[in-house]
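S.K.: quick one, what's the 3D model for this:
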Amino acid sequence: MWKLAQVWFGVSQKVPRLSPPSLRQRRKLSHTAPMGAAGQHTVPTTERLTRLRELMRAKDIAVSAVVVPSEDQHSSEYIAQCDERRAWISGFNGSAGCAIITLDKAYLFTDGRYFLQAGKQLDQNWTLMKQGLPDVPTWQEFLYKNLEPKTKIGIDASIISIADAESLTQSLSSKSSELVSLPYNLIDAIWEDRPPRPANDVFYLDEKYSGQSHVVKIAKVREELEKKKAKAIVVNMLDEIAWLFNLRGTDIDFNPVFFAYAVVTTNSVFLFINESQLDQSAKSYLKDHVEIKPYNAFFDYLKQLPSTLELNENSKILIGKQASLAVAEALGAKSYSVVRPLITDLKAIKNATELEGFRQCHIRDGAALSRYFAWLQEQLNNGVELNESQGADQLEKFRSELKLFKGLSFPTISSTGPNGAIIHYSPDPNDCDIIKKDQIYLCDSGAQFMDGTTDTTRTWHFGTPTDEEKRAFTRVLQGHISIDTATFPVGTTGYIIDSYARRALWQDGLGNYRHGTGHGVGHFLNVHEGPHGIGTRITLNNSPLKAGMTISNEPGYYADGRFGIRIENIVLVRDVQLKNNFGEKGYLGFENVTMCPIQKSLVDTTLLTAEEKKWLNAYHAEVFEKVSPLLKNDQRALDWLERECSPL
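M.R.: Numbering: from 1, shown residues only. Modelled structure (predicted):
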C-alpha cells in the first residue's frame, strides 16, 4: 500500500489514500493478484505442494492434513498480501474459500460466486469443491466425513476461529481425529518471497465525519459488559477497532484499517499497535483515554489478563465467535465466554452523521459514474477500442477528482460479455477483453470517502440488446424494485425477505443467482459488513434488520459463458409509518441512496406493472435532481444523464 501525504479536494487533513491509480498494474507484478481481482489464469502448484508435504511428514509436525483458510489472524475478508496463504498455495485468489491439503490430495472449497474463476485458476493438483451444490460438504464437514479416522489435522491457531475450532473438535471426536495446533505456519515456512507485513500511517477520523467520539463508543461497550456481567472484551476484528477508536489506516488494500488488537475492561482501554504507525492527530486524540501497547505484546498480555481480573463462573472475558483459537488458548479455557459480536452490532447501527454521509458521498459518486458511462458510450460509438482494465482505470480517475475521496472500496469489476457471468471477475490489466458495443457490460465498483463507502453495480448494453437479455434484465430490475419498496415489521431478517428479489426471476424459471441479495456496508470502512444481510444463508436469520443499518440491494442473473446482469444500490434501513401498526411492533422500510441511472433501453416495459414504471421514473427524477448540479462542467455527462433519466 502506498502512503501518500497531500491535500485531497477540500480535505485539510493529511491522510493516506487507500489505493493508488496503478494498483492493478502493481499487483500484476507481485506474487499474486488481490483477493477476487485480476488474474484468471492457472497457477502451477506442484512444487509448492511437494514442499508443504515434506514439512507435514517432518517429525516435529507429523500431520496427515493441513487446513489453509482465507482469513488472517483478525478474521478479515480482505487481507494484506503477506496473509494471502490460501491464494499462494492453491493459485485461486477469490476472497472466499478454504484449502485442505492431505499427503496425496488437495481440495479447494469455495462458493457459487467463484466457481468459474476457481475452475480457471486451479491446476491439475486440485479438486474444486463447489459448496452449496447437492452432496458437496463444507470444508468443516469434509474433515470428519471424508478423511480417515484418527487423522491429525494441522492448523495455525492464530487463523482459525474459536467457533470453527470448537465445532470441529466436537465433530472429529466421533472419528478419533484431532486438530493439532502447529508450532508455526507451514505456508510461511515455504513461501520464500512472502511480502512483509504492512505498517502504514494511522490517522484520526474527525468526529464531523464519524459523528461520535471514541469515549462515547467505549462507554457503550462498557454498558454491554455490565449487562453481561463481564469483566472485559477482546477486540480482534480490524474494522471494529477502527470504528471504536475513530481511526483509519491503509494496511489492507481497499479497506481503511490497520493491524491492531484492543482490550476494553471496566476501567481501562488498551490498544495493541505499532506506536510508530500513529500519526500526531491519532496520538493526540487517544491520549488520556487509551493506553498504547506494542502489537506483538498482545498474546503475552492475554496470558496474564485473567489473573488481574476477579473472574468467576458468571463473570468472564468476552471474545467474539471470530476470535482466533490462539486468543482462546492464551486466555485459558475457564476465563472466556464466546458471544455474539458485540461491537459489530453497535457498529452496524449508523448515527445521523454517518447516515447523512452515506447520502452525500453517493451523490458525488453518482457524478463520477455518470461521467464514466457517458464517456464510455461516446468512446464505443466513435469506434475507440478499450479493454476492461482501461475502463476501470478511467472510472477511478473520475472518482479520484471527487471531494473526500480516499480510494476504491474493492477492485472494480469491469466485465464485458461472458466475463460478466463471473460474479467477482476483475480484469487483468495485461490480459483482458475488449469492451464490445454488442455485448452486455457489467460494472460493479465502489469508493472510500471520508464520509462513507459506496458500492454500485450497473449493467449496460451500448448496442441493441436481444429479447433474452432485455427480459432477464427486466426480471432482475423487478426483484430490485421489490426489495427497495418492501415494508416489514420490526424483527424481520434479511433471510425472510430474500425471496422478494428472486420472485420475478423464478417466474421465468431463471433460477437462483449464486450470491446474497444484500450485504451490510461500513462507514468509511469495509465494503462488506455484518452481522446483517439479505440472502439464503440461515445464519442471516439471526440478525434482524434495524433502523440505521446500511445494506446493498443487488439481485442478478448470470448466463454462464454469455453474459451477466446485476443491479445494485445501497439502501438505509429506516422507520416507516403505515396505515396500521398491528401488534404495535413498528415497521421498517428502505431509503435508497445510490444515484446512478438504470438503463431504460434494457427494460422490457411490457413486463412492468404501473407501479414499477412509476418507481423507475421517480428514481430517475431524483437522480437527475441530485446529480446534475455536480456535472455543470461536463456537458457530455450532463446530456447523457438527462437522456438516461428521462421518463419511460
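S.K.: relative to residue 254, how far out is the closest residue to residue 455 other than its chain neighbours?
M.R.: Distances taken as C-beta to C-beta, 6 or more residues apart in numbering put residue 446 closest to residue 455, at 3.9 Å, once the chain neighbours are dropped. Any C-beta I mention is one placed from the backbone N, CA and C, and that applies to glycine too. From residue 446 over to residue 254 the distance is 9 Å, taken as C-beta to C-beta, to the nearest Å.
S.K.: flag every buried residue along the longest helix along the chain.
M.R.: When the chain is parsed with DSSP state H, its longest helix is helix 352-381. Within helix 352-381, the residues that qualify as buried are 354-355, 357-377, 379-380, counting by 16 or more other C-beta atoms under 10 Å.
S.K.: now swap in stretch 80-88 and tell me
M.R.: 80, 81, 83, 84, 85, 86, 87, 88.
S.K.: mind listing what the residue positioned nearest the centre of the chain touches?
M.R.: Closest to where the C-alpha atoms of the chain average out (C-alpha atoms, centre = their mean) is residue 528, at 3.1 Å. When contacts are counted by C-beta atoms under 8 Å, 6 or more residues apart in numbering, residue 528 touches 77, 519, 520, 521.
S.K.: out of these, which sit inside helices?
M.R.: Among those, DSSP H puts none in helices.
S.K.: pull the most distant pair out of those.
M.R.: Across the contacts of residue 528, no pair lies farther apart than 77 and 521, at 12.9 Å, counting by C-beta to C-beta.
S.K.: the more surrounded of these two?
M.R.: For residue 77 against residue 521, the residue with the higher neighbour count under other C-beta atoms under 10 Å is residue 521, and the figures read 27 against 20.
S.K.: the more buried one and residue 554 touch, don't they?
M.R.: No: applying C-beta atoms under 8 Å as the test, residue 521 and residue 554 come out as separate, 11.2 Å apart.
S.K.: residue 141: how many residues sit nearby?
M.R.: The number of residues packed near residue 141 is 14, by other C-beta under 10 Å.
S.K.: what about the longest strand in this protein?
M.R.: strand 569-576 (DSSP state E).
S.K.: tell me the helices and strands packed up against it.
M.R.: helix 352-381, helix 467-484, strand 550-553, strand 587-592 (3 or more C-beta pairs under 8 Å, 6 or more residues apart in numbering; DSSP states H and E).
S.K.: which element follows the first one toward the C-terminus?
M.R.: Think helix 352-381. Beyond helix 352-381 in the direction of the C-terminus, DSSP states H and E gives the next helix or strand as helix 388-400.
S.K.: by how many degrees do that following helix and helix 352-381 diverge?
M.R.: 140 degrees (axes from the mean of the first three to the mean of the last three C-alpha atoms, to 10 degrees).
S.K.: what residues sit buried inside helix 388-400?
M.R.: For helix 388-400, a neighbour-count test (16+ other C-beta under 10 Å) marks 388, 389, 390, 391, 392, 393, 394, 395, 396, 398, 399, 400 as buried.
S.K.: same deal with stretch 265-273?
M.R.: In stretch 265-273, residues buried by neighbour count (16+ other C-beta under 10 Å) are 265, 269, 270, 271, 272, 273.
S.K.: just flag the most distant two among the residues you listed.
M.R.: 265 and 273 (17.6 Å).
S.K.: residues in contact with the longest strand of the chain?
M.R.: The list of residues contacting strand 569-576 from outside it, by C-beta under 8 Å, 6+ apart, reads 350, 355, 358, 362, 454-456, 480, 483-484, 487, 521, 545-554, 586-594.
S.K.: any low-confidence regions in the stretch 1-150 of the chain?
M.R.: Residues of the stretch 1-150 of the chain that meet the criterion pLDDT under 70 lie in 1-40.
S.K.: what ranges do the helices span in it?
M.R.: Under the criterion DSSP state H, counting those that start in this stretch, the stretch 1-150 of the chain contains helices at 23-28, 46-57, 85-90, 115-121, 139-145.
S.K.: residue 315: which of the buried residues of stretch 265-273 is nearest?
M.R.: The shortest separation between residue 315 and any of the buried residues of stretch 265-273 is 11.9 Å, and it belongs to residue 265 (by C-beta to C-beta).
S.K.: so the closest one bridges to which residues?
M.R.: Per DSSP bridges, residues listed as beta-bridge partners of residue 265: residue 232.
S.K.: residue 281: which element?
M.R.: Using DSSP H and E, residue 281 falls in helix 280-286.
S.K.: so which of the helices and strands packed on strand 569-576 gets nearest residue 261?
M.R.: Taking C-beta to C-beta as the criterion, helix 352-381 is the member of the helices and strands packed on strand 569-576 that comes nearest to residue 261, at 24.4 Å.
S.K.: who does residue 270 bridge with?
M.R.: The residues that residue 270 bridges to, once DSSP bridges is applied, are residue 263, residue 291.
S.K.: wait, doesn't it sit right on residue 260?
M.R.: No: under the criterion of C-beta under 8 Å, residue 270 makes no contact with residue 260, lying 10.3 Å away.
S.K.: whichever of the contacts of strand 569-576 end up buried, select them in PyMOL.
M.R.: The following PyMOL command selects only the buried members of the contacts of strand 569-576, with burial defined by 16+ other C-beta under 10 Å:
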select buried, resi 350+355+358+362+454+455+456+480+483+484+521+545+547+548+549+550+551+552+553+554+587+588+589+590+592+593+594
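S.K.: quick one: the residue lying closest to residue 420 once chain neighbours are set aside from residue 421, how far?
M.R.: Computed as C-beta to C-beta, 6+ apart, the closest residue to residue 420 that is not its neighbour in sequence is residue 564, at 3.1 Å. Counting by C-beta to C-beta, the gap from residue 564 to residue 421 is 4 Å.
S.K.: ditto for residue 198
M.R.: Distance of residue 198 to residue 421, given as C-beta to C-beta: 34 Å.
S.K.: which of those two has more residues huddled nearby?
M.R.: More neighbours surround residue 421 than the other of residue 198 and residue 421, with 21 against 18 (other C-beta under 10 Å).
S.K.: ok, the more buried one - contacts?
M.R.: Residue 421 makes contact with 116, 558, 559, 560, 561, 562, 563, 564, according to C-beta under 8 Å, 6+ apart.
S.K.: ok, which pair from the residues you listed is furthest apart?
M.R.: Pairwise distances among the contacts of residue 421 were taken by C-beta to C-beta; the largest, 12.9 Å, belongs to 116 and 563.
S.K.: more neighbours, those two?
M.R.: Set side by side, residue 116 and residue 563 give different neighbour counts by other C-beta under 10 Å, the larger being at residue 563 (27 against 21).
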